[in-house]
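**Q** compute the structure for the input listed below.
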Amino acid sequence: MNTSTIAMPQLFEQLGLESSNLAIARFIKHHHLPDDIKLQAADFWTQSQRQFIKDSLQQDSDWCEIVDQLDALLRH
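**A** You can find the predicted model right below:
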């Protein structure tokens with residue numbers, strides 16, 4: 001069992017995105033997710049990013065909690 005906490009910069013690195021605090025804040029500011037669109041269905045993801053998010057949620061992986069946090073932040 002992995003007891004380390006995964007933070008937003010690690011998620012952005014995993015997704016192949018710039019992971020500085022400024023880059024994360026910019027991404028969240030410029031990407032809004034409507035309530036009727038699932039996170040993995042957003043049009044700003046690549047296919048591999050979409051698959052990683054989908055798998056993380058379906059498998060209740062170690063990434064699931066931080067993916068849920070990103071989902072909430074994108075629904076500002």
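
**Q** for the chain, which helix is longest?
**A** helix 47-58 (DSSP state H).

**Q** export the helix or strand harbouring residue 23 to PDB, keeping only CA atoms.
**A** In this assignment (DSSP states H and E), residue 23 forms part of helix 21-30. Only the C-alpha atoms of helix 21-30 are listed here, as PDB (Å, rounded to 0.1, in the frame of the first residue of the first chain):
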ATOM      1  CA  ASN A  21       2.400  26.300  -9.300                       C
ATOM      2  CA  LEU A  22       2.000  29.100 -11.800                       C
ATOM      3  CA  ALA A  23       1.400  26.700 -14.700                       C
ATOM      4  CA  ILE A  24      -1.100  24.800 -12.700                       C
ATOM      5  CA  ALA A  25      -3.000  28.000 -11.700                       C
ATOM      6  CA  ARG A  26      -3.000  29.100 -15.400                       C
ATOM      7  CA  PHE A  27      -4.300  25.800 -16.600                       C
ATOM      8  CA  ILE A  28      -7.100  25.900 -14.100                       C
ATOM      9  CA  LYS A  29      -7.900  29.500 -14.900                       C
ATOM     10  CA  HIS A  30      -8.100  28.800 -18.700                       C
END
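
**Q** contact partners of it?
**A** 8, 9, 12, 17, 18, 70, 73, 74, 76 (Cβ atoms under 8 Å, 6 or more residues apart in numbering). C-beta: built from backbone N, CA, C; applies to glycine.

**Q** thank you kindly, that will do.
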